[in-house]
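Colleague: here you go, sequence then predicted model.
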Amino acid sequence: MKYTTLPNTDIRVSRICLGTMTWGRQNTESEGQAQMDYALDQGVNFFDTAELYPVPAHKDRYAVTEKIIGNWFRKNGQRQNIVLASKIAGPAPFTAFIRTDGFKPSAIRDAVEGSLRRLQTDYIDLYQLHWPERSTNYFGQRGFSPDPNEAWSDNIHEVLRTLQTLVRDGKIREVGLSNETPWGVMRFLEEANAHAELPRMITIQNPYSLLNRLFEVGLSEISHRSQMGLLAYSPLGFGTLSGKYLGGQKPEKARVTLFPNYNRYSNSKAVEATGAYAEIAQGHGLTLAQMALAFVNSRPFLTSNIIGATTLDQLRENIGSIHIELSPEVFSEIEEVHKLIPNPAP
């Protein structure tokens, strides 16, 4: 395994992070625990979860994933060997069963306390805002369209002040963003720069893959100049970049087969690009998944690549991508496809 640190901290994390959002929905508890056992054995010490998981969200499965992780900690006593990240869900129609008061101080405190109970731990290493309260373009929206009925008013100072209290109390160590835009990132950094006592957002968890490199447009410069690391999610685009959906295939129990509304990586241009990337991988003796993950692993702004799997075979291949170094020829061929079909999946 390869390691780095969370930006501006001494917290050492693996460059591969174990994603968990299928546990309790597509995966049973025993399967999730087997994944944690295998990942830890391979040197993965960074796990990412959220109160929202498993996904798709449903009130009958609320926070089941955190409970699975908590039971694993209780069973094997490995908490001190894991850097643990979780998230508070933002307001949305599909999270109304969780809460309806957004990121108010009481909501953040209650969310953290709930996660701590379920995870059976005294602290969370990295606590993230899963997506913004304000109306903006996330979850498959390419462009921003103002909402004339938006009720949000700027409360970012208050959010950071609440998080500061939780850091002071030892309940969380560091804070980060997720599904955030350049404006949002800079607004949080502006508050932290103006008020030295406030915690600074050190990571941003956004989608990044061969099919979606929009992070490079704006956010990568912020990452470089402000030392904010990317935690890349969906590096295989819901499994699309494994090639398993090519030719119109619908593998049994696969994510897009089970949940066809998760189709942002399945439009005609994304399928065309996936086919072109598959040809590059085949021409260089690689699987498409290996090449796609190794590409993400190579990015200078990456802190950790969040991989998810529903089988141990998938997990082995995904974690193994850390040992693959792509040649200049592969990078060059990838860029040629990207020039022709840039960012087909928003």
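Modeller: Structure received.

Colleague: need phi/psi at the residue nearest to the spatial centre of the chain.
Modeller: Closest residue to the average C-alpha location of the chain: Tyr233 at 3.6 Å, with CA atoms, centre = their mean. Note on Tyr233: its backbone torsions stand at phi -110, psi 160 [degrees, to the nearest 10].

Colleague: which residue is the nearest non-sequential neighbour of it?
Modeller: In this structure, Tyr233 finds its nearest non-sequential neighbour in Ile306, 4.6 Å apart by CB to CB, 6 or more residues apart in numbering. For every residue, glycine as well, the C-beta is placed using N, CA and C.

Colleague: same check on Ser178?
Modeller: Gln205 is the one closest to Ser178 (CB to CB, 6+ apart), at 3.9 Å.

Colleague: Three-state assignment for the one you found, please.
Modeller: Secondary structure, DSSP: H, G, I helix; E, B strand; the rest coil: Gln205 is strand.

Colleague: who does it form a beta bridge with?
Modeller: Counting by DSSP bridges, Gln205 is bridged to Ser178, Leu231.

Colleague: and it, how far is that from Arg142?
Modeller: The gap separating Gln205 from Arg142 is 19 Å, by CB to CB, to the nearest Å.

Colleague: picking up where we left off before, which residues touch the residue nearest to Ser178?
Modeller: Asp48, Lys87, Gln128, Gly176, Leu177, Ser178, Asn179, Leu230, Leu231, Ala232, Tyr233, Ile306 (CB atoms under 8 Å, 6 or more residues apart in numbering).

Colleague: in the stretch 1-150 of the chain, which spans are strands?
Modeller: 3-5, 12-14, 16-19, 46-48, 83-88, 124-129 (DSSP state E, counting those that start in this stretch).

Colleague: now these in a markdown table, with mean neighbour count and distance to Pro344?
Modeller: Converted to a markdown table, the strands of the stretch 1-150 of the chain look like this (neighbours: other CB atoms under 10 Å; distance: least, CB to CB, whole Å):
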| stretch | mean neighbour count | distance to Pro344 |
| --- | --- | --- |
| strand 3-5 | 14 | 30 |
| strand 12-14 | 20 | 30 |
| strand 16-19 | 26 | 22 |
| strand 46-48 | 26 | 26 |
| strand 83-88 | 26 | 27 |
| strand 124-129 | 23 | 27 |
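
Colleague: how about a markdown table for those, with mean pLDDT and distance to Asn71 added?
Modeller: Shown next, in a markdown table, are these (pLDDT from 0 to 100; distance: least, CB to CB, whole Å):
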| stretch | mean pLDDT | distance to Asn71 |
| --- | --- | --- |
| strand 3-5 | 98 | 27 |
| strand 12-14 | 98 | 22 |
| strand 16-19 | 98 | 16 |
| strand 46-48 | 98 | 13 |
| strand 83-88 | 98 | 14 |
| strand 124-129 | 98 | 17 |
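
Colleague: nearest to Glu333, out of those strands?
Modeller: Nearest of those to Glu333, taken as CB to CB: strand 16-19 at 24.2 Å.

Colleague: so what touches that closest one?
Modeller: 1, 35-36, 39, 44, 46-48, 85, 231, 233, 297, 304-308, 318-319, 321-322.

Colleague: buried among the residues you listed? Make that a ChimeraX selection.
Modeller: Buried subset of the contacts of strand 16-19, written as a ChimeraX selection, criterion 16 or more other CB atoms under 10 Å:
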select :35,36,39,44,46,47,48,85,231,233,297,304,305,306,307,308,318,319,321,322
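
Colleague: worst-scoring helix or strand of this protein, pLDDT-wise?
Modeller: Least confident element among the helices and strands of the chain, by mean pLDDT, DSSP states H and E: helix 255-258 (a mean of 83).

Colleague: buried set for it?
Modeller: Residues of helix 255-258 classed as buried: Arg255, Val256 (neighbour count, 16+ other CB under 10 Å).

Colleague: Gly170 - nearest residue in space that isn't next to it in sequence?
Modeller: Distances taken as CB to CB, 6+ apart place Tyr123 nearest to Gly170, at 5.9 Å, with adjacent residues excluded.
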